[in-house]
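In: have a look; sequence and predicted model below, questions after that.
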Amino acid sequence: MKIAFTTSGEDLNAPLDNRFGRAAKFLVYDLDSKTFAVVDNQQNLNAAQGAGIQAAETVVNTGANFLVTGHCGPKAFKVLMAAGIKVFNTQAAIVSEALRQYLDGKLAEARSADVEGHWV
Amino acid sequence: MIVAVASGKGGTGKTTVSLNLANAWPGPVQLVDCDVEEPNCHLFLQGLPAGEKPVALLIPQVDESRCDGCGECSRFCQFHAIAAAGGKALVFSELCHACGGCSLVCPRQAIREVPKRIGVVSVLQAGQMTLIQGRLDVGVATAPPLIRAVKACVNPALPVIVDAPPGTSCPVVAAVREANYVLLVTEPTPFGLHDLTLAVDTIRALKLPFGVVVNRMGVGDDRVQAYCRQQGIEIMLEIPDDRRIAEAYSRAELAACVLPEYGALFHTLRNRVLSRMAEAERNV
């Protein structure tokens, strides 16, 4: 099972980006092997529209089963749901803290998008 | 013959200039309100409605029994209006620009195009002036296709004045694109100058002949004039900061109709625009 986190850095101590569509990167953590890989999301930083949709497809293609991020808008949420990816919202400052929250069962699965599109 | 009135900054007087310039034409003239997100020229004209028609875009509809979620459509779409996830394609019609590409690249012919209404084009006949107006439906974000539909209704044999939307993005480009001359309306303030420079860059990129109208002369400073001098841009008209113009506007009256000196001013503007267009024609 894999969890994708939104981040601006390269490792578990990097800041958790509370944006989803326009996060710089995704850190994809493998719960079984306890290893991770970082996937770039740069193409979406300057996208005029559809950043959430494109980012969601990128996460789908990583094979992640879960997404942990700050906020997730309606279009991205729809794509993630279609792919069966469960979304968790967190206010953790860094990726390892969010991972710890997940492992401790402190994160509740989001039932819907928690912000409107273009909320920043 | 198309004259487009654009601005960069909103609220500088595009509608005032468009209406008064159209009013300065002696014979039949078409005023085309391309500010489809908030058209307002009709507020100043009294006439008879002469038709209205809905405008639709062709957007994709996915046949889920044929779609295998391969993602070709999603990779093709530059606007992320279609996404592949969970073995199927999801359409976000509000982002679709109706290019039809997804249906062409689909290897399983699972996508067909269906119409989706985005707004209306309506026509009003007010004396010699024909107003053609686009009105985008609430919640629709793609103005350019409606602007193109509005412009497709003009009679090319008669003169056209286009009232463009503010800004410098796609709707403005769609509105001014085929113009023979562009008037950029600004005000002599730092904001006016800043947005004028963006508008000038846009119109230069489109390689259209243009000049500037400075509205509300007397407020602000003289930096717009200095900029135009330095850039070799002609100031076609200066409109004074006259409270009576605003009062007429607030009563939905044209300054040129109720204040004779402004009628003369806009006739001068019309003649100047006509001669600049003739010069541009000769230079082509």
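Out: Cool, the structure landed.

In: only C-alpha atoms for contact and neighbour calcs from this point on.
Out: Noted.

In: what about residue 7, how many residues nearby?
Out: Reading this off chain A. Number of residues near A:Thr7 (other CA atoms under 10 Å in any protein chain shown) recorded here: 29.

In: other chain: chain B
Out: 32.

In: same question, B:Ser65
Out: Per other CA under 10 Å, the neighbour tally for B:Ser65 reads 8.

In: show me what from chain A comes close to chain B.
Out: A:49-51, A:53-54, A:57, A:60, A:75, A:79-80, A:82-84 (CA under 8 Å from any CA of the partner chain).

In: most neighbours out of these, which is it?
Out: Ranking the residues of chain A next to chain B using other CA under 10 Å puts A:Ile53 first, with 30 neighbours.

In: which residues sit against stretch B:194-210?
Out: If you take CA atoms under 8 Å, 6 or more residues apart in numbering or on different chains as the criterion, stretch B:194-210 is touched by B:6-9, B:167-168, B:173, B:177, B:179-184, B:186, B:233, B:277, B:280.

In: who's in contact with residue 27?
Out: Chain wasn't specified; assuming chain A. Counting by CA under 8 Å, 6+ apart, A:Leu27 touches A:Ala4, A:Phe5, A:Thr6, A:Thr7, A:Glu10, A:Asp11, A:Phe36, A:Ala37, A:Val38, A:Val39.

In: other chain: chain B
Out: Applying CA under 8 Å, 6+ apart, we find B:Gly27 in contact with B:Gln128.

In: now residue 45, nearest residue through space, not along the chain?
Out: I'll assume chain A. A:Arg22 (5.0 Å; CA to CA, 6 or more residues apart in numbering or on different chains).

In: let me rephrase: I mean chain B.
Out: Using CA to CA, 6+ apart and skipping residues adjacent in sequence, the residue nearest B:Leu45 is B:Ala126, 6.4 Å away.

In: which stretches of the chain form helices?
Out: Defaulting to chain A. All helices of chain A, identified by DSSP state H, fall at A:51-62, A:74-82, A:95-103.

In: wait, I meant chain B there
Out: Using DSSP H, the helices of chain B run over residues B:14-23, B:72-76, B:101-105, B:144-151, B:170-176, B:190-205, B:223-231, B:243-250, B:255-258, B:260-283.

In: now for A:Asp32, how many residues are close by?
Out: For A:Asp32, the neighbour count with other CA under 10 Å is 8.

In: from A:Tyr29, how far out is the closest residue to it other than its chain neighbours?
Out: Nearest non-adjacent residue to A:Asp32, counting by CA to CA, 6+ apart: A:Met1, 6.6 Å away. For A:Met1, the distance to A:Tyr29 equals 9 Å [CA to CA, to the nearest Å].

In: neighbour-wise, which of the two wins?
Out: A:Tyr29 (22 against 11).

In: what separates the residue of chain B most remote from its centre from chain A, distance-wise?
Out: Within chain B, the residue lying farthest from the chain centre (CA atoms, centre = their mean) is B:Ser65, at 42.0 Å. According to CA to the nearest CA, to the nearest Å, B:Ser65 and chain A sit 16 Å apart.

In: for that residue, which non-adjacent residue is spatially closest?
Out: Of all residues not flanking B:Ser65 in the chain, B:Ala110 sits nearest, at 7.9 Å (CA to CA, 6+ apart).

In: tell me how far that neighbour lies from chain A.
Out: Where chain A is concerned, B:Ala110 sits at a distance of 18 Å (CA to the nearest CA).
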